[in-house]
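*Asks:* mind folding the following:
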Amino acid sequence: MRSRWSPSVFDATHELGDDQVTRLLQAAQWAPSAGNAQPWRYLVAPRGSRAHQVLVAHLSRGNSGWVPRASVVLLAVAVTEPDAKKPRDPAYAVHDLGQASAHLTLQAHAMGLAAHQFSGFDHDAVAAELGLPEHARLLAGIAVGVRGDPGAVSERDAERDSRERTRRPLAETAFGDAWGTPWPGLTES
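*Replies:* Sure, this is the predicted structure:
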């Protein structure tokens, strides 16, 4: 899992087959879910599709250079069913969508693909144009494809791919007996 990372340079000519996209979605399908509610949905937006065109029109400036080059973008949606017999805290849907998206991302890596999750787009505009109901919350996109040639993209996007990967130390993430007190069993590597 440590070798997984989120590139910003995708091969704009690569296409994923329907069977490959299905395999990614199956990985998400089997993610853990509170009470098996599976409160996640994905809008599949292959490069050139109507859904892809809608998304591209609403990307932030920072994402507009690299997201359109991905083979497919999966738009991640948390769903709180309006007709559920026992209403659930919407936070569970967000949590479960995160797990499903993580499974999907790791499956992409296992398939030799690259995946980059992003949130820089006008969520409300994309949701409206793609007809999402009120009980569906569009949270993120996952760009999937194969790595491209850094020489074929802007210097800014190429530079993003060469940055050193860092993470917050575990002592600032995992606490023991009190908030802010590192869990004593940590061993950093």
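*Asks:* only C-alpha atoms for contact and neighbour calcs from this point on.
*Replies:* Will do.
*Asks:* and whichever strand in the chain runs longest, which strands flank it?
*Replies:* Ranked by residue count and defined by DSSP state E, the top strand of the chain is strand 136-145. Sheet pairing for strand 136-145, assigned by DSSP bridges, gives strand 72-79 (antiparallel), strand 114-118 (antiparallel).
*Asks:* pull the residues that contact the helix or strand of the chain with the lowest mean pLDDT.
*Replies:* Least confident element among the helices and strands of the chain, by mean pLDDT, DSSP states H and E: helix 155-162 (a mean of 73). By C-alpha atoms under 8 Å, 6 or more residues apart in numbering, the residues outside helix 155-162 that reach it are 7-9, 65-66, 150-151.
*Asks:* just the helices from this structure, written as ranges.
*Replies:* 18-29, 50-57, 90-110, 123-129, 155-162 (DSSP state H).
*Asks:* just put those helices in TSV and tack on mean neighbour count and distance to residue 173.
*Replies:* Output for the helices of the chain, formatted as TSV (neighbours: other C-alpha atoms under 10 Å; distance: least, C-alpha to C-alpha, whole Å):
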stretch	mean neighbour count	distance to residue 173
helix 18-29	16	26
helix 50-57	18	34
helix 90-110	20	18
helix 123-129	16	29
helix 155-162	14	25
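*Asks:* tell me which of those lies nearest to residue 79.
*Replies:* Smallest distance to residue 79 across those (C-alpha to C-alpha): 6.2 Å, for helix 90-110.
*Asks:* pull the CA atoms of the closest one into CSV?
*Replies:* C-alpha atoms of helix 90-110 as CSV (Å, rounded to 0.1, in the frame of the first residue of the first chain):
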residue,chain,number,x,y,z
PRO,A,90,-25.3,10.6,7.3
ALA,A,91,-21.7,10.4,8.6
TYR,A,92,-21.9,6.6,8.2
ALA,A,93,-22.6,7.0,4.5
VAL,A,94,-19.6,9.3,4.1
HIS,A,95,-17.4,6.8,6.1
ASP,A,96,-18.6,3.8,4.1
LEU,A,97,-18.1,5.7,0.8
GLY,A,98,-14.5,6.4,1.9
GLN,A,99,-13.9,2.7,2.5
ALA,A,100,-15.4,1.8,-0.9
SER,A,101,-13.3,4.4,-2.6
ALA,A,102,-10.1,3.1,-0.9
HIS,A,103,-10.9,-0.4,-2.0
LEU,A,104,-11.4,0.8,-5.6
THR,A,105,-8.1,2.8,-5.5
LEU,A,106,-6.1,-0.2,-4.2
GLN,A,107,-7.7,-2.4,-6.8
ALA,A,108,-6.5,0.0,-9.5
HIS,A,109,-3.0,-0.2,-8.1
ALA,A,110,-3.2,-4.0,-8.1
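*Asks:* which residues touch it?
*Replies:* Contacts for helix 90-110 (C-alpha under 8 Å, 6+ apart): 1, 4, 23-34, 38-40, 76-80, 114-116, 142, 144.
*Asks:* could you check the angle strand 114-118 makes with that helix?
*Replies:* 150 degrees (axes from the mean of the first three to the mean of the last three C-alpha atoms, to 10 degrees).
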